[in-house]
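Enquirer: predicted structure and sequence below. I'll ask about it afterward.
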Amino acid sequence: MIYAVGVIEIKSIPVGVEACDDALKSSGIRLISAHPSCPGKYEILMTGSISEVQTALDHVREKFGHHVIDCTLMGRIDQSVIMALMGAQPEVERAALGVVETYSASSIILAADAAVKAAKVDIVDLRLSRGMGGKGVLMLTGEVGDVTAAVEAASDYAIRQGLFSSKAIMAAPHEELWEHL
């Protein structure tokens, strides 16, 4: 199956909860997350086939259009990105660490997809919006050259979208830092 991710941002929390319920009832999507995000918005992340996600997005746009801030369909997303969005990070070897920050949930998902497709890296963490003013953060690990290539691919994507915030690469992070990531 080719996986897609849909992101919907609603400008009202009660309407967002209702829109999430309607999205789930409109097609065979699987909910990744649904929660209030900064500042006072409601963010819905879903996955499924491209057609299922498109159906759910279309349904929400049609019924709640004047409350929708953003509605994005992302197709052919790497399975490791979907798993990271669901909070399922595998045990990874502690090697070099790369961090990329963007200004939106959709942009960090697509930046993460670009990163894992560009080099042999593992996702340590993928955080969206909540408690970060709507930003997204990606943390990757692997060999220094791979992490560098992945961070550059992710950053280049975000820069082209005008949504890049910052990046960092650490060849050998302190062991205590790993305990807090």
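Expert: Perfect, thanks for sending it.
Enquirer: I'd assumed E43 was in contact with L85.
Expert: No: using CB atoms under 8 Å, L85 is not in contact with E43, being 11.9 Å away. Placement of C-beta: from N, CA and C, glycine included.
Enquirer: what bits of the protein have low per-residue confidence?
Expert: Residues of the chain that meet the criterion pLDDT under 70 lie in 1-2.
Enquirer: how about the strands in it?
Expert: In the chain, the strands defined using DSSP state E lie at 3-10, 30-37, 41-49, 68-75, 96-102, 122-128, 136-142, 164-170.
Enquirer: dump those into a markdown table; add mean neighbour count as well.
Expert: Formatted as a markdown table, the strands of the chain follow (neighbours: other CB atoms under 10 Å):
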| stretch | mean neighbour count |
| --- | --- |
| strand 3-10 | 24 |
| strand 30-37 | 17 |
| strand 41-49 | 22 |
| strand 68-75 | 16 |
| strand 96-102 | 24 |
| strand 122-128 | 20 |
| strand 136-142 | 24 |
| strand 164-170 | 15 |
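Enquirer: could you dump these to TSV with distance to V81?
Expert: What follows is the strands of the chain, written out as TSV (distance: least, CB to CB, whole Å):
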stretch	distance to V81
strand 3-10	8
strand 30-37	11
strand 41-49	10
strand 68-75	9
strand 96-102	13
strand 122-128	7
strand 136-142	9
strand 164-170	18
